[in-house]
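Asks: Kindly generate the corresponding structure for this input.
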Amino acid sequence: MLEAYHGTYQSISPLPSPLALPDDMLDDDLPPLDMPGSFGDGGGGGGAEARERVRFPGGAGLGAGLLSPTTPASAGGGGGARRKEKRAKIYDATEDALAIVDALSGRHVDPEPLVGILPQLSHDQLMELRAEYKRVCKVQGRGINVAKHIKMKCSAGSNFGKIAYVTALGRWESEAYWANFWYQSNGARRELLIESLMGRSNAEIREIKDAFRDKRYGDSLSRCMDKELRADKFRTAVLLALEERRQEETDRLPVEYRNRDVDILYQSLHGRDRSESTMLGVVVTRSDAHLREVLRTYERKYQENFARAALKRSNNLVGEVIAHILNGVINRPARDALLMRHALSDLLDDPPSNPRSSSVAVRPSSSRQDRRQRHELLISRLVRLHWDRPHWARVKAEYRDRYGAHVEDDIEDATRGDFREFCLSLCEAGR
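Replies: Okay, here's the model as predicted:
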């Protein structure tokens, strides 16, 4: 058995799992998979000031009604409808690269170019910036990696330096950084590892593995996890995710496979041979669409909410993994809004002076170690969200709808200085 682990989902009361499915995904004869007092309440989201919630289909990708680059702005016109010609805007990284060179060349780092440039770039644009930076900034004829330059020039251990560095790594290398970070730090926040790898598609796992850099393990993330993690069920789950054997979302299994998984999950909780490994084998390797059907069928057949029962039974890292994946399966924007709320909740030392931004509950001041770990959670979650801008916009809408406040206001109250400005710039990237 794994030791008890007081992680994100174990520490939140009331129990956040499972979250409510979006309305258009629920069957009429099945109650929402939510829990009174948690996401299902929708507390704090009413009133004249609250925006009407936009409903999106489940899963990743653009929501209904968003225009793709090839969609005309007006789709209702006839053959004579006028269409504006759309031209691709090519990003020129030279000016930004030179601005960051200047910002890092002095005795003291000028934070303004870092705040103004890095959060606004897409992953592809950031890769262009990194290539251009190596061209314009050289030492002894060798180009400098902009992320490493930021890490070298910014104060060691500062939150601003860390968030600028992680953003400069790009979308996939930053995830590899967090997967590799947890065991290098004094803290044991396994959430950093769980959130970087669990519930990912095979293509995303491949990108993260390709971006991983650690010479001690031959740049192999799988080898690193195999050596650094204890030989237990959590390591088995991590290595299983890294094998890239998750069911693709386009794969539709016959109904008997769904029913078999339902029975397997029930036996893993209530059978004679109860098995956390069996639960992980199903949850880690099945697609979001398949797991949604499994959860619906499980509740119909056994009159029990599997996600809630599994988290109650497994008060350890297995429960954390299952809760993270299933909450993302059921409602990913709501799950990520909860994660932002959790990261911010302990960072307010004093009650906010502005009632508008008092939605984050103030708790007693925690130790310096706890605050450092909570800053790491905030940095990892905020940087991760800003890469997927349509999804980030949904998360902010969920946050406002559920907690009655803008996430930007709570971040402003919970952070300080240049770190605050960088965080707020990351929030603007989702607009």
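Asks: CA atoms only for the stretch of helix or strand residue 172 belongs to, dumped as CSV, please.
Replies: In this assignment (DSSP states H and E), residue 172 forms part of helix 171-181. The C-alpha atoms that make up helix 171-181 are tabulated as CSV, following Å, rounded to 0.1, in the frame of the first residue of the first chain:
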residue,chain,number,x,y,z
ARG,A,171,5.0,24.5,-23.7
TRP,A,172,6.6,21.1,-23.7
GLU,A,173,10.0,21.7,-22.1
SER,A,174,8.3,23.5,-19.2
GLU,A,175,6.2,20.3,-18.6
ALA,A,176,9.4,18.2,-18.7
TYR,A,177,10.9,20.7,-16.2
TRP,A,178,8.0,20.2,-13.7
ALA,A,179,8.1,16.4,-14.2
ASN,A,180,11.8,16.5,-13.3
PHE,A,181,11.6,19.3,-10.7
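Asks: Residue 234 is in contact with residue 314, isn't it?
Replies: No. Residue 234 is beyond contact range of residue 314, at 10.6 Å (criterion: Cβ atoms under 8 Å). C-beta: built from backbone N, CA, C; applies to glycine.
Asks: Show the residue spans covered by the helices in the stretch 201-350 of the chain.
Replies: 202-211, 221-228, 233-242, 255-270, 276-285, 288-302, 306-313, 317-344 (DSSP state H, counting those that start in this stretch).
Asks: Mean pLDDT, distance to residue 179 and mean neighbour count for the ones you listed - can I get that in JSON lines?
Replies: Output for those, formatted as JSON lines (pLDDT from 0 to 100; distance: least, Cβ to Cβ, whole Å; neighbours: other Cβ atoms under 10 Å):
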{"stretch": "helix 202-211", "mean pLDDT": "98", "distance to residue 179": "7", "mean neighbour count": "17"}
{"stretch": "helix 221-228", "mean pLDDT": "94", "distance to residue 179": "6", "mean neighbour count": "18"}
{"stretch": "helix 233-242", "mean pLDDT": "96", "distance to residue 179": "9", "mean neighbour count": "20"}
{"stretch": "helix 255-270", "mean pLDDT": "96", "distance to residue 179": "27", "mean neighbour count": "16"}
{"stretch": "helix 276-285", "mean pLDDT": "95", "distance to residue 179": "15", "mean neighbour count": "20"}
{"stretch": "helix 288-302", "mean pLDDT": "96", "distance to residue 179": "21", "mean neighbour count": "19"}
{"stretch": "helix 306-313", "mean pLDDT": "90", "distance to residue 179": "23", "mean neighbour count": "20"}
{"stretch": "helix 317-344", "mean pLDDT": "94", "distance to residue 179": "14", "mean neighbour count": "25"}
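Asks: Including distance to residue 147, could those helices go into TSV?
Replies: TSV is the format used below for the helices of the stretch 201-350 of the chain (distance: least, Cβ to Cβ, whole Å):
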stretch	distance to residue 147
helix 202-211	12
helix 221-228	18
helix 233-242	23
helix 255-270	42
helix 276-285	30
helix 288-302	31
helix 306-313	36
helix 317-344	22
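Asks: right, so of those helices, which gets closest to residue 248?
Replies: helix 202-211 (7.0 Å; Cβ to Cβ).
Asks: Could you list every helix and strand in contact with that closest one?
Replies: Applying 3 or more Cβ pairs under 8 Å, 6 or more residues apart in numbering; DSSP states H and E, we find helix 202-211 packed against helix 171-181, helix 191-197, helix 221-228, helix 233-242.
Asks: outside of the shortest one, which residues touch it?
Replies: Going back to what we said before, that points to helix 191-197. 7-8, 175-176, 178-179, 181-182, 205, 208, 238, 241-242, 317, 320-321, 324, 339, 376-377, 380-381, 384 (Cβ atoms under 8 Å, 6 or more residues apart in numbering).
Asks: Now do the buried residues in that helix.
Replies: For helix 191-197, the neighbour count (16 or more other Cβ atoms under 10 Å) marks 191-197 as buried.
Asks: looking only at pLDDT, what's the mean for it?
Replies: Helix 191-197 comes out with an average pLDDT of 94.
Asks: likewise the first one?
Replies: The predicted model gives helix 171-181 an average pLDDT of 94.
Asks: what helices or strands is that helix leaning on?
Replies: helix 123-136, helix 159-169, helix 191-197, helix 202-211, helix 221-228, helix 368-387.
Asks: Go through those and name the closest to residue 283.
Replies: With Cβ to Cβ, the closest approach to residue 283 among those belongs to helix 191-197: 12.4 Å.
Asks: circling back to that earlier point, any chance of the helices and strands packed on helix 171-181 in a markdown table, plus distance to residue 422?
Replies: Below are those laid out as a markdown table (distance: least, Cβ to Cβ, whole Å):
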| stretch | distance to residue 422 |
| --- | --- |
| helix 123-136 | 15 |
| helix 159-169 | 5 |
| helix 191-197 | 19 |
| helix 202-211 | 22 |
| helix 221-228 | 27 |
| helix 368-387 | 9 |
